[in-house]
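Asker: Okay, structure incoming, though there's no sequence with it:
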């Protein structure tokens, strides 16, 4: 009998998904072909802010093959506005999937046309006439807060949310500081994700059973159906959502529920025929979702005589675009990493969020935390440079120490484990720190601009949704959970279903590894269902794939379900094999996976067990009737509801960490920044599958490098998006990726059953790291890096005194006793 | 995206003649570049059909024009709005007339605001193309009024 206790968790098992995906055999939403499908096209607003004067669809509807059209006014009569998570005033916003009386961002859907073919739908969309009366657009969040031009009249203000997060004794820390550094303004830019597959929705509102069927690639379906059911006035059980292979989401596909609503309503209007919408790339760039943009004002940092940060105060203004949708959750989610990787205890952050006439944001990879982590890393580097402390030394003085874990942050989050000094040591060793410092000194003598930067960051995983109550005490969410089912099918096949919604993360593989370890079989004997399906009945209200949590929530659910199955198999086998449970061993025999009695040598394979339960049940004694070999398990995170008044509580279960080091040179003639060397060190606790983890690290690194140097959602002063195609929005590809040296350490999490931590978002470490390296290259020239996006143009302007002038924007007050 | 243009030229006609010409849609509209047709609604409103082509983006735009200001024989100002290929254009064009010897000095200025996806696709081309088209309009206007060549400032 094989099996022999070999453990699969921790091994670089090849991905089960690889075979079909690499051979082009993956099944994606657009691959779904249904009879009598119709095709939907959106007519979108060219204006960022305008009143809709009139809409005429009559010419479009005359085109042969056009079935129907929908307008916002029509939808508003049939539906409820989408749920708003914000309290008032943001909670008063009335958000419909098509613009009703005014448009609030360029690319906002105004009319949907439905036709027999995509080409006819395109032509019909061109024939729709919409008259607008342009209004003053607001494209800057700080300006939006002045309310000179209001986006949502019903809210009466552009401010969606405001709150002050204050901990410790800030005033005392500033009174006692040896140095105080003030930074006027910093800005984290707007960028997005560019998944290979755009949004796709097929919806059918079936008249025969009055149910809505979705085949789509939304990545948080259990969230989507909660919004859709309330919006469409239907019982949530009447909505079925199926997803399949998904070509990336990075969080951006979470907010496709408005388009899902339109497709369902169009199907109903079209007599119940399926309606398909396949987003174009430029639609995706202008109108799906962008990452949050954030401005940091009036930052003050108190430091002691050794350069240890003792307090930070700042004012943060977040730009959520035209409609809050998933927001204002980002107004609290950043506080999962309130002090970053640092030990300071005193801080006051005044956080506001505003709507602007730009594309709504979605929870883009590293959501809300990366902006804050970038801010903290900039603060640390600016302080280090101003005080003349080397960047690595500055971090060592300020890092949370390994012996302090589990570490409770000033706002009550509990960092499970970590060892940042060891990561720094490893990263320095991999990149050849001392050697690069010598090369850098030589380069500076030659007038070259070479810098070395460090970015230390966190990937907090498995949210406590109770943090939503910090932004809205009336929000009905707290905790977190995930479901899974593990069964022996009628012929004894091990089949697993999970409530996650993978988009390339290898869930089928890692779930199979976990089950294989529980049953002492091999992962190839475990079938894991692809995609998500509400009908599998394994989802909870939190099911989906987001927020770096599958390794904890998903695999804990799978592990729980597998253990339940094993317990039932043990009970049934003990009866059949006439043995005591403790005499049984699981493994693989001549007839496949089996259970064998060590006492009498009898065995039964999985087919035999499944046969008894499913088709030969007359042999079962009544006391075993409850054995189903079909085990559903709901894993729940052990969270408590946070103290909403103090904004205090544990908001996340695990904290993976990343430490990157980059060497960057700014070309003296072209000002193009070029990466000369790059190291990424990762710690996600116990590694389930090293190959998958390494792949995720490379992916997150690529995403971050792209964001730092190439990718920006630029708008002009009237709200035209200037980067709506890949000609101007330049996504990173293998062609412009540097070689990345990868290293990892493991500090197992005491908070998860396996010691694993959620990972994959990567904390946007490259953005912090490249900003740090550029500052190191340019600080001697009086430049400080004030923006997270830096390309040749912005560096040219900084080096020519137009932006980022340290003398104007950074003030240093040294007091008696400062050694730094 | 905003494109601004301005200039001046002189013609031998009187200000009254120039004003009457500028405010007559049937005379003025055909001077617009890539003109295909005009339908006049009333003395102050007309819609012009023009060909639009920016690289591979081609189409026909309906531009609704409105004579917003008219002070004979001193000033005429048009406001217009049109849409094509995923973009909208709003424009204002004003002509200020002054006696110059026995003729008229025509000082013109305008601004076009372009909105929509067109900016992202062809933003870099729009300003030079817009100025070229405006120059054609002014050249045509001068020719029609028997004036001398002007230029965009």
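Answerer: Yep, that arrived. For clarity, every value in this text was computed on a predicted model and none was experimentally measured.

Asker: Need phi/psi at residue A:761.
Answerer: phi -80, psi -30 (degrees, to the nearest 10).

Asker: Okay, helices next: where are they in chain B?
Answerer: For chain B, applying DSSP state H gives helices covering B:15-22, B:25-28, B:117-145.

Asker: Go through the ones you listed and name the closest to chain A.
Answerer: Nearest of the helices of chain B to chain A, taken as CB to the nearest CB: helix B:117-145 at 3.8 Å. Using the backbone N, CA and C atoms, a C-beta is placed for each residue, glycine as well.

Asker: Report the inter-axis angle for the closest one versus helix B:15-22.
Answerer: Angle, helix B:117-145 to helix B:15-22, by axes from the mean of the first three to the mean of the last three CA atoms, to 10 degrees: 140 degrees.

Asker: Can you pull the residues of the stretch 151-300 of chain A lying near chain B?
Answerer: Taking CB under 8 Å from any CB of the partner chain as the criterion, the neighbours of chain B within the stretch 151-300 of chain A are A:282, A:286.

Asker: isn't residue B:16 right up against residue B:72?
Answerer: Yes: if you go by CB atoms under 8 Å, residue B:16 and residue B:72 touch, sitting 6.9 Å apart.

Asker: residue contacts, whatever residue of chain B ends up closest to chain A?
Answerer: Closest contact between chain B and chain A, by CB to the nearest CB, is at residue B:116 (3.0 Å). Residue B:116 is in contact with A:46-47, A:106, A:720, B:83, B:86-88, counting by CB atoms under 8 Å, 6 or more residues apart in numbering or on different chains.

Asker: Need the worst-confidence member of those.
Answerer: In terms of pLDDT, residue B:86 ranks lowest among those, with 67.

Asker: Might you list the low-confidence residue ranges for chain B?
Answerer: Chain B contains residues with pLDDT under 70 at B:53-58, B:85-86, B:121-123, B:147-153.

Asker: what residues does it put near chain A?
Answerer: Counting by CB under 8 Å from any CB, chain B sits next to chain A at B:1-2, B:83, B:86-88, B:90, B:113-121, B:123.

Asker: Drop anything exposed from these.
Answerer: For those, a burial check counting by 16 or more other CB atoms under 10 Å in any protein chain shown picks out B:1, B:83, B:86-88, B:90, B:113-121, B:123.

Asker: returning to what we had before: want to try CSV for the helices of chain B, with distance to residue A:79 as columns?
Answerer: CSV is the format used below for the helices of chain B (distance: least, CB to CB, whole Å):
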stretch, distance to residue A:79
helix B:15-22, 50
helix B:25-28, 45
helix B:117-145, 28
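
Asker: now the strands for chain B?
Answerer: Ranges of strands in chain B, per DSSP state E, are B:2-11, B:35-40, B:45-54, B:57-71, B:75-84, B:87-100, B:103-116, B:151-152.

Asker: Please read the previous query as pertaining to the stretch 351-500 of chain A.
Answerer: Counting by DSSP state E, counting those that start in this stretch, residue ranges of the strands within the stretch 351-500 of chain A are A:407-408, A:414-415, A:449-463, A:481-488, A:494-498.

Asker: now the helices for the stretch 301-450 of chain A?
Answerer: Shown for the stretch 301-450 of chain A, the helices assigned by DSSP state H, counting those that start in this stretch span residues A:330-333, A:369-387, A:391-398, A:420-431, A:433-445.

Asker: in the shortest one, what's buried?
Answerer: The one in question is helix A:330-333. A:330-333.

Asker: That one packs against which elements?
Answerer: strand A:159-167, strand A:346-354, helix A:468-471 (3 or more CB pairs under 8 Å, 6 or more residues apart in numbering or on different chains; DSSP states H and E).

Asker: rewinding a little: can you name the two of the contacts of residue B:116 that are farthest apart?
Answerer: In terms of CB to CB, these reach their longest pairwise distance at A:720 and B:83, which sit 14.1 Å apart.

Asker: first to last residue in stretch A:194-202, what's the distance?
Answerer: Using CA to CA, to the nearest Å, one end of stretch A:194-202 lies 21 Å from the other.

Asker: what does it contact?
Answerer: Residues contacting stretch A:194-202 (CB under 8 Å, 6+ apart): A:28-30, A:32, A:34, A:37, A:214-218, A:246-250, A:252-253, A:256, A:259-260, A:263, A:274-281, A:283-285, A:288, A:503, A:711, A:726, A:729, A:731.

Asker: Sketch out the low-pLDDT regions of the stretch 651-800 of chain A for me.
Answerer: Answering for the stretch 651-800 of chain A: no residues sit below the bar, that is pLDDT under 70.
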